[in-house]
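Undergrad: starting from these lines, generate the structure:
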Amino acid sequence: MLRGQNSHLVRSDQKSDLTGLTDSKINYRPWYHFSSMSIMHKCLLIMAVCFASLMVIAIVGDSKEHIELPNVTSGFTEDDIRKLLFSSFDSNKMTDTLRMVTQQPHQAGTEENRRVGQKLAELWKQNGLEKVRLMEYDVLLSYPNWTNPNKVTVLGDDGKVLFQSTGLSPDLTPKNDDSSLNQEDSYRAAIQWLAYSANGTTESEPVYCHYGQPKDFERLEKEFGISSLHGKIAIIRYGLDYRGDKVKHAAARGAGAVIIFSDPVEVAGQGPEADKTFPHSTWLPSHGVQRGSIMAMKGDPLTPLLPARRDFPKERTIHQAKKDHYLPNIPVLPLGYADVIQILERMGGPQVPEDWRGGLNITYRIGPGFKQNGNKNDAKKLRVDVHSTLEIKKIQNLIGIIHGSEEPDSWVMLGNHYDAWVYGALDPNSGTAVLAEVGRAFAQAVKRGWRPKRTLVFCNWDGEEHGLIGSTEFVQEFAQVLQDRAIIYLNVDTIASNQSLIVKTIPSLFSAVVSAAKKVPNPVESERAKGRQTIYDTWKAYYPQKGNFTWLSPDVPDIDLPGGGTDHMSFLNFLGIPVVDFTYRNVSWGSYPLYHSRYEVPFVNEHLFDHDNLSVHKAIGQYWAEMARLFADSPLLPINASCFALTLANNYLPGIVKNLDNLHEKWPKEMGPAVKQMRNLWRQTWLFVGQTQKFEQDVYSESAMNAEWANRRLRKVDQCFVNPTMGLAEKEKEKRHVLFSLSDADTYSASVMSAVNDKITEFKNAADDKKRLELGQQLAVELAVVQYSVLCATNILKPFY
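TA: Down below sits the predicted model:
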């Protein structure tokens, strides 16, 4: 290793290059360290509070309108503001909002969803937001044939139908409950479909492909001799990866169609019987399916880099999007476990490996094809019929403002989306109802005489479910403005559990997210009975630190990086704006069982998991408000640069060092350039660590008036890691963050330095030394791209002399 005496990358006689920097790790005490003193109190040591009346310009659009801000009362303490915000939350109002927006299915681009956006705009105005605006984009969306369901058919001799799915999920919602009184039993709620599936029919033999990951297809080839799917129908389980990646991997191997099914081992944990699933619990019933998008990109597929405004041209045709595999060319549909068993129990071929078995009471087999017993009921073929269309439709983002009193051009952004696959009471409208209440709480505080120093921007996105379209188009339209003004983006997509808070963010925000969680009362009575009085206490209990941050405070629970499945993605990956994504989650779930099904109705929120008057929703709202207040009102921004730097040095680089060490032993010549560049990156990273600590010392030692320059530099650190031309962005222009952009192999899961790690994988799989020599040089360049960003961050934090 780099710090070890036997490392192939740094020899013992080179350790002097790091003198003083590695020692700082031992004595590290974060700038916003975790102690009984709050972050705000530390900030007050740096900068005295001052208030002023300002005239500010509207945040988005061309309006010249100015808003006269009232004089701000100076008597509010941090605790006063928090109490004012927390006490304003009204669970009954959240219930009303939730029921209002979930009366009908409201997919993006439909008239029903347009009305939801308009209702929310009116609600936000009534709640007191100061400027509310709907912003339209014209984007390519996908829909099923609402009157001709997609179906799967098992065929016998002479085309005899042995089984055919209905393509519909039945309505099971109790009708004698207040939460269901105004809910429409729409025919559109029943249709089982996946957005952007190709329209068409495939008739062939099935092949069981487990989760459809690259390693699963490799195993099919190595253990079962199936090197290509050759027009076969791939049967793939939901779980682990983005459904669009499953389709992409299957199509790349020649699949003629794909069926993605929900296995009861994941979605019916107490058993598949009707009395153990919805509406008796939050487990998925047998005919329930997970809808979703299978597009292989984010944003409007016809305007990959330009905003999809009506006055901008389409950069790409539908034909080109399909040719480049951004849109699938094969039919794909979802199935529930009551239907897929009709296929799986008939399949022939060898049994699947033990770790590929699911929860159905059958023998899972690989195929291809069906068992042949010599009788007339033997299945011969499987047919997939998908009826889908592609249409240019309007979506509308909803934006609302509370203007800042001192720094109106510094934005704290809060976001959720409101479009849904069906009713959406969990994803996304649990978050929609909470966001409306967060906005009302802040507006109430303003009426009481307080106003945030920085501007709050409330965002309800449209088109998220089809591929993060609304938020991506907004980021593309306002990219330069956002990089200049946005401090942070705080996202809540879904609330679907009452077990524990879970937070995903980047290392520079670890301190802030923990501090805020310690301020929010625990909403769950059983947790309070265990002595866990705050949401932080439960979070720490269910998600203890895994040990990979032992150099940091033990107060920090396990915190994952943000992935790619919701609206924070473009803010972080495209612009380098720090993000936080949070919710309540059951530790044992990947995603919640009712995910994207028609059974996401208010009955679930109100009676199955948050039956104490939406107390969990309220707690999420209070946490959201506390995070927003912290960044909107703290004189010194709670961005921890030294935590960022030390995480890079202690957690991100060592794994790459180990990989390079091992490869260098076997291929010293080919890996030589990368090894040399790794030494440079290592040294620069520890220079970055040293500069972050010097910066923090300077902030404390200088006059409080210097918080302005400190904030300006802190806001630019993350943006140093955005490179629009190199790294992943060289091929995928939307993936510009050299640390946190997602790998093309897995567009859901968080990853670190994907371009570097992908190149290492290519090197390992290279066919010969000539190719390895080329890849070793390319790997050196990828490491240099990271070093260039670290150098930028180092320079940002110091004077230019």
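Undergrad: please name the spatially closest residue to His210 (chain neighbours excluded).
TA: Counting by Cβ to Cβ, 6 or more residues apart in numbering, the nearest residue to His210 once its immediate chain neighbours are dropped is Asp216, at 4.3 Å. In short, each C-beta sits where N, CA and C put it, glycine included.
Undergrad: let me fix that, I meant to ask about Gly776.
TA: Closest to Gly776 by Cβ to Cβ, 6+ apart is Glu670, at 4.4 Å.
Undergrad: can you name every helix or strand that the helix or strand hosting that neighbour contacts?
TA: If you go by DSSP states H and E, Glu670 is part of helix 668-701. Contacts defined by 3 or more Cβ pairs under 8 Å, 6 or more residues apart in numbering; DSSP states H and E place helix 668-701 against helix 21-26, helix 39-46, helix 641-647, helix 653-666, helix 707-717, helix 769-796.
Undergrad: most tightly packed of those?
TA: helix 641-647 (a mean of 26; mean count of other Cβ atoms under 10 Å).
Undergrad: restricting to C-alpha, output that helix in CSV.
TA: The C-alpha trace of helix 641-647 is given here as CSV (Å, rounded to 0.1, in the frame of the first residue of the first chain):
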residue,chain,number,x,y,z
ALA,A,641,-13.9,20.4,3.6
SER,A,642,-11.5,18.4,5.8
CYS,A,643,-13.9,15.5,6.1
PHE,A,644,-14.2,15.5,2.3
ALA,A,645,-10.4,15.4,1.9
LEU,A,646,-9.7,12.8,4.6
THR,A,647,-12.5,10.5,3.1
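Undergrad: so for it, what's the average pLDDT?
TA: Mean per-residue pLDDT for helix 641-647: 94.
Undergrad: equivalent analysis for stretch 312-321, please.
TA: 94.
Undergrad: still on that earlier bit, what's the mean pLDDT across the helix holding Glu670?
TA: 92.
Undergrad: same thing with stretch 265-275?
TA: So the average pLDDT for stretch 265-275 ends up being 93.
Undergrad: same thing with stretch 778-794?
TA: 95.
Undergrad: now it, how far from the centre of its chain.
TA: In terms of Cα atoms, centre = their mean, to the nearest Å, the centre of stretch 778-794 is found 26 Å from the chain centre.
Undergrad: output it as CSV, restricted to C-alpha atoms.
TA: Provided in CSV are the C-alpha atoms of stretch 778-794 (Å, rounded to 0.1, in the frame of the first residue of the first chain):
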residue,chain,number,x,y,z
GLN,A,778,-5.4,5.5,-20.3
LEU,A,779,-5.6,4.6,-16.6
ALA,A,780,-2.8,7.1,-15.9
VAL,A,781,-4.8,9.8,-17.6
GLU,A,782,-8.0,9.0,-15.6
LEU,A,783,-5.9,9.2,-12.4
ALA,A,784,-4.6,12.6,-13.6
VAL,A,785,-8.1,13.8,-14.1
VAL,A,786,-8.8,13.1,-10.5
GLN,A,787,-5.6,14.7,-9.4
TYR,A,788,-6.4,17.8,-11.4
SER,A,789,-9.7,18.1,-9.5
VAL,A,790,-7.9,17.6,-6.2
LEU,A,791,-5.4,20.3,-7.2
CYS,A,792,-8.3,22.7,-8.0
ALA,A,793,-9.9,22.0,-4.6
THR,A,794,-6.5,22.6,-2.9
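Undergrad: the helices in the stretch 101-250 of the chain, which residues?
TA: 111-127, 214-224, 243-252 (DSSP state H, counting those that start in this stretch).
Undergrad: in a markdown table: those, plus mean neighbour count, mean pLDDT and distance to Leu779.
TA: A markdown table is the format used below for the helices of the stretch 101-250 of the chain (neighbours: other Cβ atoms under 10 Å; pLDDT from 0 to 100; distance: least, Cβ to Cβ, whole Å):
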| stretch | mean neighbour count | mean pLDDT | distance to Leu779 |
| --- | --- | --- | --- |
| helix 111-127 | 18 | 98 | 46 |
| helix 214-224 | 15 | 95 | 20 |
| helix 243-252 | 23 | 95 | 24 |
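Undergrad: distance to Pro554 for these - can I get that in JSON lines?
TA: Shown next, in JSON lines, are those (distance: least, Cβ to Cβ, whole Å):
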{"stretch": "helix 111-127", "distance to Pro554": "40"}
{"stretch": "helix 214-224", "distance to Pro554": "35"}
{"stretch": "helix 243-252", "distance to Pro554": "36"}
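Undergrad: wait, which of those is closest to Leu614?
TA: Set against Leu614 and scored by Cβ to Cβ, the helices of the stretch 101-250 of the chain come closest in helix 111-127, at 16.7 Å.
Undergrad: does Asn586 touch Val616 like I think?
TA: No. Using Cβ atoms under 8 Å, Asn586 is not in contact with Val616, being 11.8 Å away.
Undergrad: any buried residues in the helix holding Glu670, and which?
TA: 670-671, 673-675, 677-679, 681-693, 695-696, 699 (16 or more other Cβ atoms under 10 Å).
Undergrad: remind me which residues of the chain are low pLDDT?
TA: Along the chain, segments meeting pLDDT under 70 span 1-74, 180-181, 547-548, 550, 702-705, 727-732, 743-750, 800-801.
Undergrad: secondary structure element holding His596?
TA: Per DSSP H and E, there is no helix or strand for His596.
Undergrad: who are the neighbours in contact with it?
TA: Counting by Cβ atoms under 8 Å, 6 or more residues apart in numbering, His596 makes contact with Gln290, Arg291, Gly292, Trp421, Val422, Asp427, Glu465.
Undergrad: what's the nearest residue to the fourth one if we skip its chain neighbours?
TA: Leaving out its chain neighbours, the residue that sits closest to Trp421 by Cβ to Cβ, 6+ apart is Arg291, at 4.1 Å.
Undergrad: can you count the residues close to that neighbour?
TA: Arg291 is flanked by 23 other residues according to other Cβ atoms under 10 Å.
Undergrad: how close does the residue nearest to His210 get to Ile226?
TA: Distance, Asp216 to Ile226, by Cβ to Cβ, to the nearest Å: 11 Å.
Undergrad: isn't Ser293 up against Trp193?
TA: No. Using Cβ under 8 Å, Ser293 makes no contact with Trp193, being 10.5 Å away.
Undergrad: could you tell me the end-to-end distance of stretch 758-771?
TA: Chord length of stretch 758-771, first to last residue, is 15 Å (Cα to Cα, to the nearest Å).
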